[in-house]
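Asks: Predicted coordinates and the sequence they were generated for:
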Amino acid sequence: MPKIARQMVEKAGVNIDQLVDLLVKNAAAELTTFYYYTILRVNLIGLQGEGIKEIAETARIEDRNHFEALVPRIYELGGQLPGDMKAFHDISACPPPKLPQDPTDIKAMLQVLVAAERCAVGGYTHICNLTAGKDHRTYDLSLAILHEEVEHESWFSEFLGEGPSGHFMRRGETSPFVSPFLR
């Protein structure tokens with residue numbers, strides 16, 4: 001499988017090594033974000049924190065799903081994940097969204113969350129731009145992830161009072177755009 005998938009993408013004019021590198025780095029960002037969002041979510045307590053907890057949990061689960069959806073494509077293109085988890089963490093396309101110094105500062109917590117989502121939006125926009133019209137499978141996957149990352153960013157930015165986004169919290173459904181890639 002990697003041979004034909006790789007050949008088709010290269011033939012379309014995509015730098016396959018650059019693309020695989022970006023996919024691996026974004027997979028690292030998704031998995032590390034899942035981990036750090038777990039810590040952030042646990043610390044979302046009190047009246048203000050409880051209101052954000054459900055949204056943070058949805059974003060956390062969807063980031064795990066993004067990782068799961070990216071892995072097959074990485075291997076289809078002849079890539080692989082690093083054998084060392086620390087090395088994988090350290091190549092993340094985005095800085096780790098670590099708990100702020102004061103975990104009771106909900107505004108600081110939201111700034112961490114929104115910064116992580118903005119980084120992801122930039123990363124998937126870049127991959128979409130590289131693959132548009134050339135690598136349909138990677139483009140479709142990256143676009144699906146991008147849709148969800150844009151929603152995550154909008155949810156957190158609204159809590160920061162940056163204005164309405166028009167996006168609404170989903171009820172009972174996770175990864176509506178990425179779920180077809182998880183089958």
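Replies: Okay, I see it.

Asks: shouldn't I61 be in contact with R170?
Replies: No: using CB atoms under 8 Å, I61 is not in contact with R170; the gap is 11.1 Å. C-beta here means a position set from N, CA and C on the backbone, and glycine is covered the same way.

Asks: between the two, what contacts are shared?
Replies: Overlap of the contact sets of I61 and R170 (by CB atoms under 8 Å, 6 or more residues apart in numbering) is empty.

Asks: which stretches of this protein have low pLDDT?
Replies: 1-2 (pLDDT under 70).

Asks: Longest helix in it, please.
Replies: helix 46-76 (DSSP state H).

Asks: other SSEs contacting the following helix or strand past it?
Replies: Next along the chain after helix 46-76, taking DSSP states H and E as the criterion, comes helix 85-90. For helix 85-90, the elements it packs on are helix 16-42, judged by 3 or more CB pairs under 8 Å, 6 or more residues apart in numbering; DSSP states H and E.

Asks: Pull the distance from the helix it packs on to the chain's centre.
Replies: Centre-to-centre, helix 16-42 and its host chain are 6 Å apart (CA atoms, centre = their mean, to the nearest Å).

Asks: Would you quantify the distance from the closest residue to C94 other than its chain neighbours to H126?
Replies: Excluding the flanking residues, the one nearest C94 by CB to CB, 6 or more residues apart in numbering is C119, at 3.6 Å. To H126, C119 is 11 Å away according to CB to CB, to the nearest Å.
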